[in-house]
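Asker: model this:
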Amino acid sequence: MPFMGKAQTVTLDYYFNHEVHKNAAGQEERFHYIWEEKDLNGYSNWGDAFVKEGAKLKSLDAAPTTANLKGTDIYIIVDPDTKKESPNPNYIMPKDVEQIEQYVKAGGVLVMMANDSANVELPHFNTLAAKFGMHFSDELHNHVLGNKIESGTMMVEGNPFFKTAKKIYMKDVCSIDLSGPATAILKNEGVAIIATAKYGKGTVLAIADPWLYNEYTNGHLPADGHYDNDKAINDVTQWLLKQVKK
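Answerer: Sure thing, here's the model as predicted:
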């Protein structure tokens, strides 16, 4: 019976990442990295992984405050919008940084997932990351040309963060520069791709890509690559739930 995440609440930001498009019926709808989205761009698989462990899913359409994050155990911000993605993007402003910092200091778990710099708004995102000794770079790593997917391959067997996955795929990512309390969880070719920091009573996890969306966790990757992204999604989920203060 699910046990670890019982009654834990996982809130996904829908404010800094707020992309819309028109569906087949011509109606405007939210898309890209959201719980409800079951196509390749969605996070329905990740949501399912949390629910399987007993957690509850929420989304936050407003700017984060200590008040509206009350009751949230894990708060996830993914790929904040650029003007290319949204005509009026909600940038992470100093007041947002202050509220999120307080949330973490009090024991919250924060997840920051970036992207390659052409596809994410890094300058404001980095004002938040800087509070925890992290900086998402403009560098492009694990660049995959055409179907040469080996460029996005990383071996993770023996890494304590990945209890079951041995080989993962993560393409076209930035890197994370670290200082102060931040430490690397996963490096590739000498640069940090996944990092963490303890801050006050809380924990921060930074990943250089949105990575855990359905395209890479539902068997869509070539079978002969023997990738374990479907296992990695459970490894990451369980690691995050273990960081929550009981």
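
Asker: so how many other residues sit close to D177?
Answerer: Using other C-beta atoms under 10 Å, D177 is surrounded by 17 other residues. In short, each C-beta sits where N, CA and C put it, glycine included.

Asker: torsion angles phi and psi at the spatially closest residue to L60 that is not a sequence neighbour?
Answerer: Of all residues not flanking L60 in the chain, T11 sits nearest, at 5.2 Å (C-beta to C-beta, 6 or more residues apart in numbering). Torsion angles at T11 (phi, psi; degrees, to the nearest 10) stand at phi -110, psi 130.

Asker: what distance do you get for T11 to D116?
Answerer: 25 Å (C-beta to C-beta, to the nearest Å).

Asker: would you map the strands across the chain?
Answerer: Along the chain, counting by DSSP state E, strands occupy 9-13, 19-22, 28-31, 56-60, 74-78, 109-113, 134-136, 153-155, 167-169, 176-178, 183-188, 191-199, 202-207.

Asker: so how many other residues sit close to F132?
Answerer: So F132, with other C-beta under 10 Å, has 27 neighbours.

Asker: any idea what the spatially most central residue of the chain is bridged to?
Answerer: Centroid check for the chain by C-alpha atoms, centre = their mean gives M113 as the closest residue, at 3.5 Å. Beta-bridge partners for M113, by DSSP bridges, are V78, I207.

Asker: mind listing residues that contact the biggest helix by length in the chain?
Answerer: As assigned by DSSP state H, the longest helix anywhere in the chain is helix 229-243. By C-beta atoms under 8 Å, 6 or more residues apart in numbering, the list of residues contacting helix 229-243 from outside reads 4-5, 8, 10, 45-46, 49-50, 53, 55, 74, 109, 111, 156, 161-165, 168-169, 203, 205, 212, 216-219, 221.
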